[in-house]
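*Asks:* I'll drop the sequence and a predicted model, then ask my questions.
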Amino acid sequence: MRTFAEHQHAVRELLQPVKAALAEPAGFEVLPILPVLEADSPLGRVLAVDVHSPGDLPAFANSQMDGYAVRSAELAGARPGAAITLPVVTTTAAGDPVRRHAPGTASPVMTGAAIPEGADAVVPIEQADPPRFLGLDGGEREAPAGASVTFDHPVELGAFVREVGSDVARDAVLLPAGTRLGPPQLGTLAAAGVVAVTVRRRVSVLLISTGHELRPPGTPLAPGQIHDSNTAMLGAALRECGAVVHESLAPDEADAVLTALEASAPRVDLVVTTGGVSAGAFEVVRETLAPLGVEFVKVALQPGGPQGLGLASLRAGAVPVVSFPGNPVSALVSFELFLRPVLRAFAGLTPDRARATLRLAHDVTSPMGRHQVRRGVIDGNGDVEVGAPSSHLLHAYANATVLVHLPVGVDALPAGSHVDVWRIDD
Ligand SMILES: Nc1nc2c(c(=O)[nH]1)N[C@H]1C(S)=C(S)[C@@H](COP(=O)(O)OP(=O)(O)OC[C@H]3O[C@@H](n4cnc5c(N)ncnc54)[C@H](O)[C@@H]3O)O[C@H]1N2
Ligand code: MOO
């Protein structure tokens, strides 16, 4: 029997060529950064190549405060009792062109306005006397004749001036290849005037749920039939990892599974199956895929014991296949352990769940020879209440906030013992 860490490693190895395929230029797409809500938005996509800044940001020195642009040297001696008064001349608002600062004057500047040429610091309006702009209402740029302002403190050279290129310099790497594009990344691209980006294609996954008993939700059920939950569940889990998902619900017939595989294989990077892998008389996944090269193994894990993994040789070529057990909890726990970290890394997302070590709220038992993953909740004391182990308890999983890891070698733990948990409530 394999350890779950060995199987994790094997899945990672199997998918290395997929990672390389996603970085091939033939699959790159050029997407406009606006409008944000379009289906082909680059939001959540991964940059294929470095983006360099077409210009300096900021492109011109501008004020960080509403206040007066001055020459700092002229206020060097200002202090209470020896205040310095300067005439108020040139006003600049955000959006105005760069003006000229006359020596020996104070120039009103608004936040974001270009610092007038010749000034080298800004005194916020609150630190001036009077602490408000005079005669500039209604968009007026000229101060009233004879207007002046008094300062009773010196100002440091460069104070409240946002220098040219202080965010990013022209030609510097604005965002490196491999960056996942979220709100701040799209914002900085827009700020730099970039209108489109080249992104890697998304990983494409064929999800096959097998089982003669399965019917899509919304379909009436005959006795013995159940609704297919794995397609909705793993389809969502895959999409959360940035995948494009093609879904297929196949009965327990080899032909149906083979047909689904052959039809989709040319356009997918990976096939994920659920069901049909254990010891029953109708194990369609195992029977169809083992002869094509997929290996079926037992992992010292509960749930998620029976697993399949390998390259399936199809007419269209070899496709990596990861086969999970059919029990819904087993399938999702398997996904968490084996696929989620790898696929999220491909999509530039944080691969691992947030982890913590918490105390048990009560005694637990676990199969000694297996790494057990239980679903739990954190109680009012910050301790973890562990749910029942059975792998059909999907409703309990849906209400859980943590996965609780009980390692190999543990068969009983008393209340108060420390256990490792992964948070699943983000
Ligand atoms: N004699 C043995 N029996 C079983 C063993 C074993 O070692 N010896 N292993 C058990 C374990 S552990 C698991 S896990 C399951 C794995 O079974 P399969 O992967 O072959 O899956 P199925 O038999 O097709 O289904 C199992 C269970 O899950 C339900 N299911 C399957 N697919 C879906 C779906 N898409 N949506 C909702 N529910 C689904 C299915 O109806 C079954 O109840 O085998 C144990 N047996
Ligand atoms: O391994 Mo099964 O996945 O325990 O329920």
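*Replies:* Received the coordinates, thanks. Ligands and ions are numbered 1, 2, ... in the order given.

*Asks:* the stretch 151-300 of the chain: strands as residue ranges?
*Replies:* Counting by DSSP state E, counting those that start in this stretch, the stretch 151-300 of the chain has strands at residues 161-162, 173-175, 196-199, 204-210, 214-215, 226-227, 244-250, 270-274, 295-298.

*Asks:* highest mean neighbour count out of these?
*Replies:* Mean neighbours per residue, mean count of other C-beta atoms under 10 Å, is largest over the strands of the stretch 151-300 of the chain for strand 270-274, with a mean of 27. The C-beta positions use only the backbone N, C-alpha and C, and glycine is treated the same way.

*Asks:* what about that strand, distance to the chain center?
*Replies:* From the chain centre to the centre of strand 270-274 is a distance of 23 Å (C-alpha atoms, centre = their mean, to the nearest Å).

*Asks:* quick one: mean pLDDT over that strand.
*Replies:* Averaging pLDDT along strand 270-274 yields 96.

*Asks:* which helix or strand contains the residue of the stretch 301-426 of the chain found nearest ligand 1?
*Replies:* Here the stretch 301-426 of the chain gets closest to ligand 1 at one residue, Gly326, 2.6 Å apart by C-beta to the nearest ligand atom. Gly326 is part of no helix or strand when elements are defined by DSSP states H and E.

*Asks:* tell me the contacts of it?
*Replies:* Applying C-beta atoms under 8 Å, 6 or more residues apart in numbering, we find Gly326 in contact with Ser209, Thr210, Gly211, Asn230, Thr274, Gly275, Gly276, Val277.

*Asks:* ok, and of those, which contact ligand 2?
*Replies:* Judged by C-beta under 6 Å from any ligand atom, the overlap between these and the neighbourhood of ligand 2 is nil.

*Asks:* going by distance to Val377, which of these wins?
*Replies:* If you rank the contacts of Gly326 by distance to Val377 using C-beta to C-beta, Asn230 comes first, at 23.3 Å.

*Asks:* the closest one and ligand 1, how far apart?
*Replies:* Taking C-beta to the nearest ligand atom, to the nearest Å as the measure, Asn230 and ligand 1 are separated by 3 Å.

*Asks:* I'd like to know how far that residue sits from Asp137.
*Replies:* Asn230 sits 67 Å away from Asp137, going by C-beta to C-beta, to the nearest Å.

*Asks:* compare neighbour counts for the two and give me the winner.
*Replies:* A count of neighbours by other C-beta atoms under 10 Å puts Asn230 above the other of Asn230 and Asp137, at 30 against 7.

*Asks:* quick one: contacts for that one?
*Replies:* The contact partners of Asn230, taken as C-beta under 8 Å, 6+ apart, are Ser209, Thr274, Gly275, Gly326, Pro328, Ala331.

*Asks:* my guess is the third one meets Glu213, correct?
*Replies:* No: using C-beta atoms under 8 Å as the test, Gly275 is too far from Glu213 to be in contact (9.4 Å).

*Asks:* quick one: which of these two has more around it?
*Replies:* Legend: neighbour count by other C-beta under 10 Å for Gly275 and Glu213, higher for Gly275 (30 against 15).

*Asks:* need the contact list for the more buried one.
*Replies:* Listed by C-beta under 8 Å, 6+ apart, the contact set of Gly275 reads Ser209, Thr210, Gly211, Asn230, Val284, Val285, Pro325, Gly326.

*Asks:* and the closest residue to it other than its chain neighbours, how far from Ser334?
*Replies:* With sequence-adjacent residues excluded and distances taken as C-beta to C-beta, 6 or more residues apart in numbering, Gly275 is closest to Gly326, at 3.0 Å. Per C-beta to C-beta, Gly326 is found 11 Å from Ser334.

*Asks:* just the strands in the stretch 301-426 of the chain please.
*Replies:* With DSSP E, counting those that start in this stretch as the criterion, the stretch 301-426 of the chain has strands spanning 301-302, 306-314, 317-324, 355-359, 364-365, 371-378, 384-386, 402-406, 412-413, 418-423.

*Asks:* turn these into JSON lines, columns for mean pLDDT and mean neighbour count.
*Replies:* Compiled in JSON lines, the strands of the stretch 301-426 of the chain are given as follows (pLDDT from 0 to 100; neighbours: other C-beta atoms under 10 Å):
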{"stretch": "strand 301-302", "mean pLDDT": "97", "mean neighbour count": "23"}
{"stretch": "strand 306-314", "mean pLDDT": "96", "mean neighbour count": "20"}
{"stretch": "strand 317-324", "mean pLDDT": "96", "mean neighbour count": "22"}
{"stretch": "strand 355-359", "mean pLDDT": "98", "mean neighbour count": "14"}
{"stretch": "strand 364-365", "mean pLDDT": "98", "mean neighbour count": "18"}
{"stretch": "strand 371-378", "mean pLDDT": "98", "mean neighbour count": "22"}
{"stretch": "strand 384-386", "mean pLDDT": "98", "mean neighbour count": "22"}
{"stretch": "strand 402-406", "mean pLDDT": "98", "mean neighbour count": "23"}
{"stretch": "strand 412-413", "mean pLDDT": "98", "mean neighbour count": "14"}
{"stretch": "strand 418-423", "mean pLDDT": "98", "mean neighbour count": "17"}
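
*Asks:* point me to the residue of the stretch 151-300 of the chain nearest ligand 2.
*Replies:* In the stretch 151-300 of the chain, no residue comes nearer to ligand 2 than Ser278, which is 7.7 Å away by C-beta to the nearest ligand atom.

*Asks:* how many residues are close by that residue?
*Replies:* Under the neighbour criterion other C-beta under 10 Å, Ser278 is assigned a count of 16.

*Asks:* per-residue pLDDT, it?
*Replies:* According to the predicted model, the pLDDT of Ser278 comes to 83.

*Asks:* so Ala114 sits against Thr90, correct?
*Replies:* No: in terms of C-beta under 8 Å, Ala114 does not count as a neighbour of Thr90; the distance is 11.0 Å.

*Asks:* please enumerate the shared neighbours of these two.
*Replies:* Common neighbours of Ala114 and Thr90 (C-beta under 8 Å, 6+ apart) are Arg99.

*Asks:* identify the residues contacting the nearest residue to the residue of the stretch 151-300 of the chain closest to ligand 2 once chain neighbours are set aside.
*Replies:* Across the structure, with C-beta to C-beta, 6+ apart as the measure, the residue nearest Ser278 apart from its sequence neighbours is Pro306 (4.6 Å). Under the criterion of C-beta under 8 Å, 6+ apart, the contact list for Pro306 reads Val277, Ser278, Phe296, Val297, Lys298, Val299, Pro325.

*Asks:* between those residues, which is closest to Pro42?
*Replies:* Pro325 (36.3 Å).
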